[in-house]
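Chemist: Fold the following and give me the result.
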Amino acid sequence: MWGRALDAVYPRGCAGCGAGAWPFCSSCAQALRPLAPPWCERCGSPSILAVPACRDCPPSSLDSARAAFVYDGPARRAVHRLKFSGWRDVATAMADAIAAVTTPAAADVVTWVPLARGRRAERGYDQARALAVALAHRLDLPAARLLRRPVATDPQARRSGAERRTAMRGAFRAVHDVPARVLLVDDVLTTGATLGAAAEALRGAGAREVHALAAARSLPGRGPLRGAGRSAYPRVGSGPGLWLPGDVPR
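Modeler: Residues are numbered from 1 along each chain as shown. Purely as a prediction, here's the structure:
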C-alpha cells in the first residue's frame, strides 16, 4: 500500500532514460536488445549458428550462463541506476526481464555474487542481492547468501579476460554447505571471470551444478547483432512475452 502511495506522489521514471514511464518508456523499450538464439548453447553468446561452446564461454566452473539483454543503451543505463544511483526497484524490473526471456536451469537455490563489505557500505546495499531475491521470487525458489567476499578487488573494466581471472582467483568463500544445484546471479556478464571464481567457491562447498544468470551481457568488439533494432518490449509471436511491473503477464 505504501509503495503505491509513494509512487503516486513520487512517480518512478523510466529505468532507461529516467524521464519516461516506469519501467521502460516506449523509446527505451524499443532500444532494448534481448539475447536470443542462435547462440552458444553453453553461455548464450550470440552466434550466426547454434554452437555447443564458443571462445567467449566463461570458466568451466560454470555449467551454463545466460543474460537477458545486451549491455548497452537503456539496459546499461538501467543497470547503472541499480548499481550506482540507488534505484532498487530496477532489480524487480530486471528480474522480470530475466525470467521472461531466459529459461533458467533447474536449481535448488538462488544466490548472488556479493560485494565486499566496504563497497556495500559505500553503495548502501548489494545490487546483485536485490536482483537475486527478486528473481528467486519470480522463479518460486529460495534465495540464500552462500558466499562472502573477504577482500575488495580492483575494478575489472580495463583488464583482459586472463587478467580478470587472475585477479579474481580466491576472491570468494562459501559461508556454509551449499545445495547441489545453484543459480548464481550478477548484474553484468562480461568475461565470466567473477562468476567463475564465485562458482569455484560454491563447488568447493558442495555444489554439483552452478548456472549463471545476469541482467545484461557486455559484448566488447562485437558488431551489430542479428535482429538489432527490433522491438524487445514486448516481444510478440512465438517468443516469450517480456512483461515488467505494471503490465499483465500472459
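
Chemist: Can you list the low-confidence ranges for this structure?
Modeler: Within the chain, the stretches with pLDDT under 70 are 1-11, 152-170, 221-250.

Chemist: Angles on the backbone of the residue most central in space within the chain, please.
Modeler: Central residue of the chain (CA atoms, centre = their mean): A214, 1.9 Å from the mean position. Per-residue torsions, A214: phi -140, psi 160 (degrees, to the nearest 10).

Chemist: Tell me which residues touch it, please.
Modeler: A65, R66, A67, A68, I98, V185, D186, D187, V188, L189, L195 (CB atoms under 8 Å, 6 or more residues apart in numbering). (Glycine included, C-beta is placed from N, CA and C.)

Chemist: Closest one of those to P34?
Modeler: The shortest approach to P34 among the contacts of A214 belongs to A68, at 6.4 Å (CB to CB).

Chemist: Mind giving me the packing neighbours of the helix or strand harbouring the closest one?
Modeler: Using DSSP states H and E, A68 falls within strand 64-70. In this structure, strand 64-70 packs against helix 89-101, strand 181-189, strand 209-217, with contacts taken as 3 or more CB pairs under 8 Å, 6 or more residues apart in numbering; DSSP states H and E.

Chemist: angle of the last one against strand 64-70?
Modeler: Our comparison of strand 209-217 with strand 64-70, counting by axes from the mean of the first three to the mean of the last three CA atoms, to 10 degrees, yields an angle of 10 degrees.

Chemist: quick one: strands adjacent to strand 209-217?
Modeler: Using DSSP bridges, strand 209-217 pairs in its sheet with strand 64-70 (parallel), strand 181-189 (parallel).

Chemist: Kindly provide the distance from the residue nearest to the centre of the chain to A134.
Modeler: A214 sits at a distance of 14 Å from A134 (criterion: CB to CB, to the nearest Å).

Chemist: Leaving out chain neighbours, which residue sits closest to G13?
Modeler: Of all residues not flanking G13 in the chain, A19 sits nearest, at 5.7 Å (CB to CB, 6 or more residues apart in numbering).

Chemist: From what I see, the one you found and S26 are in contact.
Modeler: No: applying CB atoms under 8 Å, one finds A19 not in contact with S26, separated by 11.9 Å.

Chemist: that's a helix at K83, yeah?
Modeler: Yes: the assignment for K83 (DSSP: H, G, I helix; E, B strand; the rest coil) places it in a helix.

Chemist: Can you point out the buried residues in the host helix or strand of A121?
Modeler: Under the criterion of DSSP H and E, A121 resides in helix 117-123. The neighbour-count check on helix 117-123 (16 or more other CB atoms under 10 Å) flags R120 as buried.

Chemist: what's downstream of it, the next helix or strand?
Modeler: Immediately after helix 117-123, counting by DSSP H and E, sits helix 127-139.

Chemist: Quick check: next helix or strand after that following helix?
Modeler: strand 147-148.

Chemist: same for that following strand, what does it pack against?
Modeler: strand 173-174, helix 193-204.

Chemist: at 6 Å instead, please
Modeler: Using 3 or more CB pairs under 6 Å, 6 or more residues apart in numbering; DSSP states H and E as the contact test, no helix or strand touches strand 147-148.
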